[in-house]
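> what's the 3D shape of this:
(chains A and B)
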Amino acid sequence: ETGVTQSPTHLIKTRGQQVTLRCSSQSGHNTVSWYQQALGQGPQFIFQYYREEENGRGNFPPRFSGLQFPNYSSELNVNALELDDSALYLCASSFGLAGAGHEQFFGPGTRLTVL
Amino acid sequence: AQSVTQLGSHVSVSEGALVLLRCNYSSSVPPYLFWYVQYPNQGLQLLLKYTTGATLVKGINGFEAEFKKSETSFHLTKPSAHMSDAAEYFCAVSRENQGGKLIFGQGTELSVKP
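Below is the predicted model:
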């Protein structure tokens, strides 16, 4: 059974650029959630996709957007990058809605640095 | 609004000693509660969770946690620390009809001294 994978591992961008992060869900999972983890902080919920539709969103601006594909893989897109966007971005997959107590399985994350 | 507070950003114990990591939550309705562990340069791994039923929950690697509704707490314990337990630990809470949101505490870094 393949776990959650994310690419790339590390990424360096400059302010104002756009970035796309990718996530492959664990086999059989139909829900993907994205989190931002700033240095020394707990992860912050960005949004969740369930069966290709956004199912919930945290307190992040619209320049943070996402997609979930028919194979349940997912992308996180961030436009107009700001210095504060520098963080570890975590993807988590689950079978069913994570808010209902289903376990979320996390990937290793993508470390984004914005200069 | 829900929130999670982890008391102590850094806890240090000796190998073989009791591990106690504290977590308090605020929620207007009974939540689902989780403890995750994060090793350096890795994602989060679920240690244990409470949804319903028995309030004492046993997890992996010898960890357990007790849900105390009256104290709004979900503290994590392990009777005897091992060097391999050194990591960052996160308490998290979720509720149904909240869009799948997991709300995490700030984390507690556990150090284990030989």
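> Pull the contacting residues for A:F106.
A:V4, A:L90, A:C91, A:A92, B:Y36, B:G43, B:L44, B:Q45 (Cβ atoms under 8 Å, 6 or more residues apart in numbering or on different chains). For every residue, glycine as well, the C-beta is placed using N, CA and C.
> Spatially nearest residue to it, not counting backbone neighbours?
B:G43 (3.7 Å; Cβ to Cβ, 6 or more residues apart in numbering or on different chains).
> next one: B:G8
B:T108 (5.6 Å).
> quick one on the thing from earlier: derive a ChimeraX selection command for the buried subset of the contacts of A:F106.
Buried members of those can be picked out in ChimeraX with the line below, counting by 16 or more other Cβ atoms under 10 Å in any protein chain shown:
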select /A:4,90,91,92 /B:36,43,44
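> Mind checking which of the contacts of A:F106 land in strands?
A:L90, A:C91, A:A92, B:Y36, B:L44, B:Q45 (DSSP state E).
> coming back round to it: from what I see, the residue nearest to A:F106 and A:Q104 are in contact.
No: judged on Cβ atoms under 8 Å, B:G43 makes no contact with A:Q104 at a distance of 10.2 Å.
> Next up, phi/psi of the residue nearest to A:F106, please.
With angles defined as degrees, to the nearest 10, B:G43 sits at phi -80, psi -170.
> So it versus A:A38, what's the distance?
Using Cβ to Cβ, to the nearest Å, B:G43 is found at 16 Å from A:A38.
> re the thing from before, now do the shared contacts for B:G43 and A:Q104.
A:A92.
> for whichever residue of chain A sits closest to chain B, which residues make a bridge with it?
Residue nearest to chain B within chain A: A:G56 (1.7 Å; Cβ to the nearest Cβ). Residues in a beta bridge with A:G56, per DSSP bridges, are A:Q48.
> Distance of it relative to A:Q48?
Taking Cβ to Cβ, one finds A:G56 at 5 Å from A:Q48.
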